[in-house]
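>>> any chance you can model this:
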Amino acid sequence: MTQTPENRRPLKTRSKAWAGALAARLGRARISPDIISLFSIVFAVLGAVLLLIAGLEDQAGLRAACLVGAALCVQLRLLANMLDGMVAVEHGLGSSAGPIWNELPDRIADALFLVGAGYGAWAMGLTAGSWLGWLAALLAVMTAYVRELGRGLGFPADFSGPMAKPHRMFALTVTCVLSALEPLWGGQGQVMIIGLGAIVAGTVWTLFRRTRTLALRLEERRSEQDRTR
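The predicted model follows:
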């Protein structure tokens, strides 16, 4: 994977000592960043399966275990997303196909988690879950598309929220954990619907905000070009 410091997503976790130590260990072992990127899909597949099983499971304890497991998979996916860039940039192991591995696994992982969450709610009888999951996945892809469109036009990458990838995955993690506690108040998947609805609403705003920023940047560029003619 090939990344440069200026187009990396700003993450406070990247500066933590444990993150640096783990990335250094992977670098010394010559683990390809592309392989680390691939593991984000592996965690997403496992998480999506756990979310679906949770929706099909009648026993509260097993359902809670699947939901907590799915939340863990979300965090492991984010860890892989962070480490691949650190190993590529800071340890010089990026490949020529790095830009592909930087983006494509992210889009697949987003869709797997969000659609899996939707069908998990659908399996509990909440039909809105299926289309909310697909809508959230579509919007997630669109926010990334607008960011990359801006980069293709020569502007800095726009990682603004309020529902960029880390925010979506944090919201999904919290949703999974709260869903695991639903038996305490007799809930049956409503938390997952609310969580997906919040992700959809936040991602719509993020998409609008990034599109507006890109339009303003283009207008500023045009004005500058007109002044220099």
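>>> tell me which helix or strand Arg30 sits in.
For Arg30, there is no helix or strand it lies in under DSSP states H and E.
>>> what of the one 5 residues further on?
According to DSSP H and E, Ile35 maps onto helix 33-56.
>>> low-confidence ranges, this structure, go.
1-8, 10-12, 15, 91 (pLDDT under 70).
>>> got the residue ranges for the helices in it?
All helices of the chain, identified by DSSP state H, fall at 17-28, 33-56, 60-90, 98-123, 128-152, 165-180, 190-227.
>>> mind giving me the packing neighbours of the helix holding Ile35?
Packing partners of helix 33-56 (3 or more C-beta pairs under 8 Å, 6 or more residues apart in numbering; DSSP states H and E): helix 60-90, helix 98-123. All C-beta spots, glycine's among them, are computed from the backbone N, C-alpha and C.
>>> would you turn the ones you listed into TSV with distance to Thr228 and mean neighbour count?
Rendered in TSV, the data for the helices and strands packed on helix 33-56 read as follows (distance: least, C-beta to C-beta, whole Å; neighbours: other C-beta atoms under 10 Å):
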stretch	distance to Thr228	mean neighbour count
helix 60-90	35	21
helix 98-123	32	22
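>>> mind listing what the residue nearest the centre of the chain touches?
Residue closest to the mean C-alpha point of the chain, counted by C-alpha atoms, centre = their mean, is Lys165 at 3.7 Å. Residues near Lys165 by C-beta atoms under 8 Å, 6 or more residues apart in numbering: Arg9, Asn81, Asp106, Asp110, Ala140, Ala144.
>>> same thing with Thr203?
Contacts of Thr203 (C-beta under 8 Å, 6+ apart): Ala136, Leu139, Ala140, Thr143, Met163, Arg168.
>>> so what's the residue count around the closest residue to Asp110 other than its chain neighbours?
Nearest residue to Asp110 in three dimensions, chain neighbours excluded: Ala140, at 4.3 Å (C-beta to C-beta, 6 or more residues apart in numbering). By the measure other C-beta atoms under 10 Å, the count of residues near Ala140 is 27.
>>> Leu114 is in contact with Ala140, correct?
Yes: assessed by C-beta atoms under 8 Å, Ala140 is found in contact with Leu114 at 6.5 Å.
>>> shared neighbours, these two?
With C-beta under 8 Å, 6+ apart as the test, Ala140 and Leu114 both reach Arg168.
>>> what's next to stretch 120-128, contact-wise?
For stretch 120-128, the surrounding residues in contact (C-beta under 8 Å, 6+ apart) are 51-56, 129-130, 132-133, 188-190, 192-193, 196.
>>> columns distance to Gly20 on top of the contacts of Lys165, output as JSON lines?
Listed next are the contacts of Lys165 as JSON lines, based on distance: C-beta to C-beta, whole Å:
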{"residue": "Arg9", "distance to Gly20": "17"}
{"residue": "Asn81", "distance to Gly20": "16"}
{"residue": "Asp106", "distance to Gly20": "22"}
{"residue": "Asp110", "distance to Gly20": "26"}
{"residue": "Ala140", "distance to Gly20": "29"}
{"residue": "Ala144", "distance to Gly20": "27"}
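>>> for Arg30, state which of the residues you listed is nearest.
Using C-beta to C-beta, Asn81 comes nearest to Arg30 of the contacts of Lys165, at 19.9 Å.
>>> let me know whether the closest one touches Ile41 as I believe.
No: contact criterion C-beta under 8 Å: Asn81 and Ile41 do not qualify, at 10.8 Å.
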